[in-house]
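Visitor: Sequence and computational prediction follow.
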Amino acid sequence: MAEIEVRDIRHVYDQGTPDETVAIERINLTLEDGTANALLGPSGCGKTTLLQIISGLLQPTEGQILIDGEDVTDKPPEERDIAQVFQFPVIYDSMDVYGNLAFPLRNGGVSENEIETRVQKIADLLELNDILHSSPSNLGPELNQLVALGRGIIRADTSAILFDEPMTDVEPARKLTIRRRVKEAQQEFGITALYVTHDQHEALTFAEQVAIMKDGNLVQYDTGKNLYQSPVNTFIGHFIGSPGMNLLDCTLTQHNGTPRAQLGPHQVPLASALEPHLDLTWTDCQIGIRPNSVTVQVADPHDESSYLPAVVDQVEMLGGFQIITATLTETSVEVKARVAHDFAIEEGASVWLSFPASDLQFFHEEQAVTA
Amino acid sequence: MKQRPWLFLLPALLLVSISAFIPLMTVMNYSQLTLLPGTQPYFSGLENFVAILQDPAFQGALGRQFLFSFLVLITEIPLGLGLALCMPKDGPGVGVSLVLLGIPLLIPWNVVGIIWRVFTRSDIGVLPEVFEWVGVTYNVSQFTGDAWWTVLAMDIWHWTPLVVLICYAGLQAIPEEYYMAAKIDRASPWKTFRYVTLPNLRGVLIIAVLLRLMDSFKIYAEPFVLTGGGPGNATTFLSTYTSRMAIGGFQMGRGAATSLIYFFIVILLSFVIYIIMLNLGQGAGEES
């Protein structure tokens, strides 16, 4: 079990050639011992590169990887005690499931008795008992992925396990079961885990802390709750949540000593605690609000100070709730709001929207401004 | 218009029947006739087959054929796989290696035979000269051993590149992740080869073995040009025997029967090898 530290890592592919691409700009990240972490980001943001640098399959251009304080940057993967589960199940299909699980132990010269005990333990944990002596080529990708996971965590000295989008080949209906077993295994062994995915749902359900990457940079490393409630910039605000945060272009103004965001002819009050951090001359400003924080009224509340008039463009029924897309009158500002599934609303109807100041985020030049 | 599919198949069917089916049926027909030039053919049942199977010359050719094909397979397959493993995976070396490997494959059989014939001639050949230097007498038209290993060397030189190309293509198709996983699992180079490379190459190895098996059974031009099947009958293989029987000996019926026996042996052998390789090292109950 180990703490993994990524220190000043930078990686450039094909350095010095015309094909030179910077995959990782510069990243610092510490994964605490025994925690479940996720690395989330759009495709091509450098997630897999970072993962391979941690596991040792790739040498970084600059920077160091430390495991429990020890610099392992120059060590090959086999000396790092890090397991990795790949995008598609990597299985040795000339061996049965037992042989696959035992493979890393046999390579390490572990006695057959010890191997049997370990294999049994892993099989119990991952519920593979019935298929121990089957050939993996007859099992589906889900079970194969579990076998690959088992092979990763079977070594007593495995200090960390890295997952590289392991659910790619798994049927949606089976993802939940597989994820539960992966999570149980991680907790049972207290292994430091890093789960790479571009699916925020997978990341947030698996991990205690999620690192979000964009264009080779680490944008925010935080708990799911914080990512949702206090995104550090507009990218995270929009990326996390489905649909993402509403980001509305605005300018700043003041009314009776409290700051307000100006959207066309409308004004939205901001939290007064923000006041000392704001500058009325700022131009590139946005307010952010989660669709479920927007209050929707169908009858005119006659309260211009907190309600903005809008027209409904679209109503989408998403099972337990509906998503309304509305445009604020006299502007082209679109707002998405989440309402209950039985909320009576039609496209083209007039509504009044309120953005409670406590749930509002303020961004200047795409960065969050906080009190 | 339910017949339309047949209409589209018609050209292919015609082509196959002209090129394969009709000749095969003709051969089947001939094989049960006694056909000698200048006489009236007459039906003689399985007589031809019995005569051939009892012919010591056929038995000899068959034995030599088995030995030859066996030697071809046990040298060319491991050698081809080994060379494929040594080939560069990318960079300018790939193109160079592929061209070098392609050269023997581009040369027609009879030309290969003539190249080697000149190479090994006792009067002007380079090979006998070289052997003389080291004090060994080398003469393909005199010594069985010399003729044998020369034919074998010709085949290896000519056809190992094919095995290399097939294996190389197979190796390129193995996802890099398998090797990464093996590294993380601390597999030794041998174990990586045994559990990653070999199982993933099973399909292409089956193709390589079957191609080389069937082709080695067809060997004809090389020994024919080199020594005409000699010295004595030392390099007379099944194809040489068959053509001698049918064309040299004017015994069309016997020749046809030999072809059928020959055909049957190749098919049976290919099938058996295919089944064995398909099940080799597959699945449960693995050793440690």
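Guide: Done, it's in. Numbering: from 1, shown residues only, chains lettered A, B, ... in the order given.

Visitor: contacts and neighbour counts: CA atoms only from here.
Guide: OK.

Visitor: Next, the buried residues of the helix or strand where B:Trp149 lies.
Guide: Following DSSP states H and E, one finds B:Trp149 within helix B:144-172. Under the neighbour-count criterion of 16 or more other CA atoms under 10 Å in any protein chain shown, helix B:144-172 has B:144, B:146-148, B:150-152, B:154-156, B:158-168, B:170-171 buried.

Visitor: Can you name the element that comes right after it?
Guide: helix B:176-184.

Visitor: what mean pLDDT would you report for that following helix?
Guide: Taken as a whole, helix B:176-184 has an average pLDDT of 90.

Visitor: which residues are in contact with it?
Guide: Residues from elsewhere that reach helix B:176-184 (CA atoms under 8 Å, 6 or more residues apart in numbering or on different chains): A:57, A:77-78, A:81-84, A:86, A:90-91, B:192, B:196.

Visitor: Which pair of the residues you listed spans the longest distance?
Guide: A:Asp81 and B:Val196 (20.8 Å; CA to CA).

Visitor: Tell me what angle the top helix by length along chain B forms with helix B:144-172.
Guide: As assigned by DSSP state H, the longest helix anywhere in chain B is helix B:56-86. Orientation note: helix B:56-86 sits at an angle of 40 degrees relative to helix B:144-172 (axes from the mean of the first three to the mean of the last three CA atoms, to 10 degrees).

Visitor: Can you pull the residues of chain A lying near chain B?
Guide: A:57, A:77-78, A:81-84, A:86, A:90-96, A:99, A:103-104, A:106-108, A:133-137, A:152 (CA under 8 Å from any CA of the partner chain).

Visitor: What about the residues you listed, which are in strands?
Guide: A:82-84 (DSSP state E).

Visitor: Tell me which helix or strand in chain A has the weakest average pLDDT.
Guide: The least trusted helix or strand in chain A, going by mean pLDDT, DSSP states H and E, turns out to be helix A:172-189, with a mean of 84.

Visitor: hey, what's the residue positioned nearest the centre of chain A bridged with?
Guide: Residue closest to the average C-alpha location in chain A (CA atoms, centre = their mean): A:Leu40, at 3.7 Å. Per DSSP bridges, the residues bridged to A:Leu40 are A:Thr197, A:Ile212.

Visitor: so what's it up against?
Guide: A:Leu40 makes contact with A:47, A:196-200, A:203, A:210-213, according to CA under 8 Å, 6+ apart.

Visitor: Check it and give its pLDDT.
Guide: 91.

Visitor: The stretch 1-150 of chain A: strands as residue ranges?
Guide: A:4-13, A:21-31, A:36-40, A:62-67, A:70-71, A:82-85 (DSSP state E, counting those that start in this stretch).

Visitor: Tell me the strands beside the fifth one, with direction?
Guide: In other words, strand A:70-71. strand A:62-67 (antiparallel).

Visitor: quick one: the strand it pairs with to strand A:4-13, angle?
Guide: 150 degrees.

Visitor: Averaged pLDDT, strand A:62-67. What do you get?
Guide: Averaged across strand A:62-67, pLDDT comes to 91.

Visitor: and that strand, how far out from the chain's middle?
Guide: In terms of CA atoms, centre = their mean, to the nearest Å, the gap separating the centre of strand A:62-67 from the centre of its chain is 23 Å.

Visitor: what's the answer for stretch A:28-47, then?
Guide: With CA atoms, centre = their mean, you get 8 Å for stretch A:28-47.
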